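**Student:** Need coordinates for the below:
(2 chains)
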Amino acid sequence: MISPLLDPDGQLSPGTASVDVRLGQRFHVPLRAKLSQLDLLSDTHQIDLLKYKDDTFVPIGDYFVLHPGQFVLGETLEWVHLPKNLVAFVIGKSTWGRDGLIIATAIGVHPNFSGILTLEISNVGEIPIYLYPGLAVAQLFLASVELAAESVAPVPSAFQTQTSPRNRNVEIEDSDIIKVFREWLKPKQ
Amino acid sequence: MDSYQRIAALKIQTAQDRAHAIIEEVTRVQNKVYASPASKRLLQFVLDAASRIHNLLEDEKAVASADLLTAPELETRLHRNIKLIPVLHLLLGFVEGSDVHHSPGQLIPTLRRYAHLILPTSEIVVSSKAELNYSIQDIAGALKDLFSGTSLEPSCQLLPEFLFVVNIPAVESEQILIHGVLAHELGHALYDKRKVAGNLLPKIKISDELVRNLAKMMFESQQKQQNPTPELRLREVVTQEVTGRINGWVMELSSDAIGVRLFGPALFFAAVHLLISLSHMDQSTKTHPPTRLRVKLMIRMLKQFYSLDKWHAKLQAFSKDWDDVSAVPVPGRTAFDQLAIETINDGILDLISDASGTAVSAAQCYTSGRFNRDAAELAPMFLSHIPPGETGPYGGSMPVELASIINAGWHVYLCDFEAFRKSLHPNDGSTRFSAAAKLHELVLKALEISEIKTSWEEARSISKRRKD
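**Tutor:** Numbering: from 1, shown residues only, chains lettered A, B, ... in the order given. Predicted coordinates for the structure are as follows:
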């Protein structure tokens, strides 16, 4: 389920294998002046992330200027709800890509996901780009999953039901193990 | 130049500095993004009024330096304009916190659309403030009255007929279900606009016997004083005090009644959740009736207009608790309150309920059938983590209305909250508060989807017309 589908014929045009998704109204903007570095293994990294990012709301009709080299988290306007037998991949649209706009990097969306999709937007071009909420900036490729785990109850992902493009309080996988390696590297007293 | 002339010159100078500071502030904040155009409209009004004050004071310099007026006359003349400056500060305070960084940008367009539907000439500003204060007031009428006959009267042309300023506590700004109380405030506007008071108040009679008894009691208690007030005068005082309360209380109760007609059970749920933590059940003021009386009216209306027996068992139990509580007699805080409470009996509550029907058209009423449908169709969507902003078949879906989304949200909150909480990721469902916050987010998202769906269609048809 994708809601709202504002232009079903346009977003699901015949002959293509994807659904266009639009840019949403909220952005999570880095505040470079607030943080000297981002260390995901640091004990304070969740607090650091709060300092590092600021939420902003850009209503449809207004715009957000993305400067060269700038990175922001955006969102899809659409709420996406996948059944247990579908997986999705978010890919930027080539029209924008040719202007230097990278839309998504963590592109996989798992079965049973429900929420807005966070877009990792970056301007790798050389001139500023105006981002207008409401415009189709990405496309969603859907694929069926053969081994739908009928007997396993779906486990909600950490990004389930997200309604805005925020960082989540997620423990970095294997960070404890890497920390042990770091201790080993320190000179023994 | 005498002493007062020098002081008058200083007065003009400092007032001009103040007006200038307001102009500077408006210039600074008008570049912010506001979810409601009314914020910028209000800023335009402030800018216009501040500029006028500044220019008028410039003209006053000549008057002050001439010896035409006495000091008291000049003081009065200057004060006529200067006294309006604090009002402009107050208005700037309303706009502050209404930008999209501070108030939920997804809520305001939907609310504005709804307010337009009920009162086409209205505008809203939603402002988040640090203080714990939920309030809504129509400031357009008050400003027009205040500026009427002053040199700032022309500025009022920039104001809409109704300008609702909604204050919500910043830390609770996203607790959207509680904002269902907005229906009560729209009720205030409809109470005035549809002249409900004129129809209702003449039917409410204060018992002469009760007035006489109270006046007599007051007279007797004064007997030991040297100059007791005559009993006849005391009767007048009692009548005035009680009439004042009844006028204010009936307006509040009628606004509740209109709110129930507009938002249905959601107004009741929001009102009791708001009032229970903020006000004493039996305390009243000259303008506001005791909470218990308000609950009693709302419960009576729910029983009359909604099939409570078809409700979810938890909702039935919830309303039964409130029904029991509201059946307890309200003890008046003062003798005047007591007399007002005795006057507004069950018959009067029914009159208020009936009169509220004249303020709301049938199409605007949130019906029992709609509530049952929303509970059956929309509430389960929240449990499946789908914000119900649109419903219907693929390619032909329709936006869901504000009242339906709020009622469905309340239904989940009151009937299926634990199931909803368990369905969430452990981080989101770890506490009752975090799970409730998630539900509020989904309700807000549903409102956003509904509004985008509606406004997109409008924009599309305008675009098509232009192309054609």
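
**Student:** For residue B:321, pull up the helix or strand it's in.
**Tutor:** helix B:313-327 (DSSP states H and E).

**Student:** residues from chain B in reach of chain A?
**Tutor:** Applying CB under 8 Å from any CB of the partner chain, we find that chain B lies next to chain A at B:33, B:35, B:100-101, B:105-106, B:109, B:384-387, B:389-390, B:394-395, B:397, B:423-425, B:427-428, B:438, B:441-442, B:444-445, B:448-449, B:452-453, B:455-456. Yep, even glycine has a C-beta here, placed from its N, CA and C like the rest.

**Student:** Strands of the stretch 351-468 of chain B, start to end?
**Tutor:** Using DSSP state E, counting those that start in this stretch, the strands of the stretch 351-468 of chain B run over residues B:390-391, B:398-399.

**Student:** Just put these in JSON lines and tack on mean neighbour count, distance to residue B:128 and mean pLDDT.
**Tutor:** Listed next are the strands of the stretch 351-468 of chain B as JSON lines, based on neighbours: other CB atoms under 10 Å in any protein chain shown; distance: least, CB to CB, whole Å; pLDDT from 0 to 100:
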{"stretch": "strand B:390-391", "mean neighbour count": "18", "distance to residue B:128": "28", "mean pLDDT": "92"}
{"stretch": "strand B:398-399", "mean neighbour count": "19", "distance to residue B:128": "26", "mean pLDDT": "93"}
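
**Student:** As JSON lines, the ones you listed with distance to residue B:263 would be great.
**Tutor:** Listed next are these as JSON lines, based on distance: least, CB to CB, whole Å:
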{"stretch": "strand B:390-391", "distance to residue B:263": "19"}
{"stretch": "strand B:398-399", "distance to residue B:263": "17"}
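
**Student:** Report all helices and strands that the helix holding residue B:321 contacts.
**Tutor:** Applying 3 or more CB pairs under 8 Å, 6 or more residues apart in numbering or on different chains; DSSP states H and E, we find helix B:313-327 packed against helix B:291-305, helix B:402-415.

**Student:** Determine which of those approaches residue B:258 most closely.
**Tutor:** Closest of the helices and strands packed on helix B:313-327 to residue B:258 is helix B:291-305, at 10.3 Å (criterion: CB to CB).

**Student:** chain center to that closest one: distance?
**Tutor:** The chain centre lies 19 Å from the centre of helix B:291-305; the measure is CA atoms, centre = their mean, to the nearest Å.

**Student:** And the contacts of that helix?
**Tutor:** B:249, B:252-253, B:256-257, B:260-261, B:265, B:267-268, B:271-272, B:275-276, B:279-284, B:308, B:319, B:322-323, B:325-328, B:330, B:341, B:344, B:346, B:349-350, B:352-353, B:367-368 (CB atoms under 8 Å, 6 or more residues apart in numbering or on different chains).

**Student:** between the strands of the stretch 351-468 of chain B, which one is nearest to residue A:9?
**Tutor:** strand B:390-391 (16.6 Å).

**Student:** Flag the shaky bits of the stretch 1-150 of chain B, pLDDT-wise.
**Tutor:** The stretch 1-150 of chain B contains residues with pLDDT under 70 at B:1.

**Student:** Can I have the buried ones of the contacts of helix B:291-305 as a PyMOL selection?
**Tutor:** Restricted to buried positions by 16 or more other CB atoms under 10 Å in any protein chain shown, the PyMOL selection for the contacts of helix B:291-305 reads:
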select buried, chain B and resi 249+252+253+256+257+260+261+265+267+268+271+272+275+282+284+308+319+322+323+326+330+341+344+349+352+353+368
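
**Student:** which residues does the residue of the stretch 151-300 of chain B found nearest chain A contact?
**Tutor:** Chain A sits closest to residue B:174 of the stretch 151-300 of chain B, with a gap of 9.9 Å, by CB to the nearest CB. The contact partners of residue B:174, by CB under 8 Å, 6+ apart, come to B:104, B:437, B:440-441, B:444.

**Student:** nearest to residue B:61, of those?
**Tutor:** Among the contacts of residue B:174, and counting by CB to CB, the member closest to residue B:61 is residue B:104, at 46.6 Å.

**Student:** I'd like to check which residues are in contact with that closest one.
**Tutor:** Residues near residue B:104 by CB under 8 Å, 6+ apart: B:35, B:126, B:173-174, B:176, B:444.

**Student:** Looking at the helices and strands packed on helix B:313-327, which is nearest to residue A:178?
**Tutor:** Set against residue A:178 and scored by CB to CB, the helices and strands packed on helix B:313-327 come closest in helix B:402-415, at 41.3 Å.

**Student:** got the residues of chain A near chain B?
**Tutor:** Close to chain B, as judged by CB under 8 Å from any CB, chain A has residues A:1, A:3-6, A:8, A:25, A:55-60, A:62, A:77, A:79, A:81, A:114-116, A:134, A:156-158, A:160-161, A:163-164, A:168-170.

**Student:** For chain A, see how far away the residue nearest in space to the middle of chain B is.
**Tutor:** Centroid-nearest residue in chain B: residue B:136, 2.8 Å away (criterion: CA atoms, centre = their mean). The spacing between residue B:136 and chain A, counted by CB to the nearest CB, to the nearest Å, is 22 Å.

**Student:** circling back: show me which of the residues of chain B next to chain A are buried.
**Tutor:** Buried members of the residues of chain B next to chain A, scored by 16+ other CB under 10 Å, are B:35, B:100, B:105-106, B:109, B:385-387, B:389-390, B:397, B:423-425, B:428, B:438, B:441-442, B:444-445, B:448-449, B:452-453, B:455-456.
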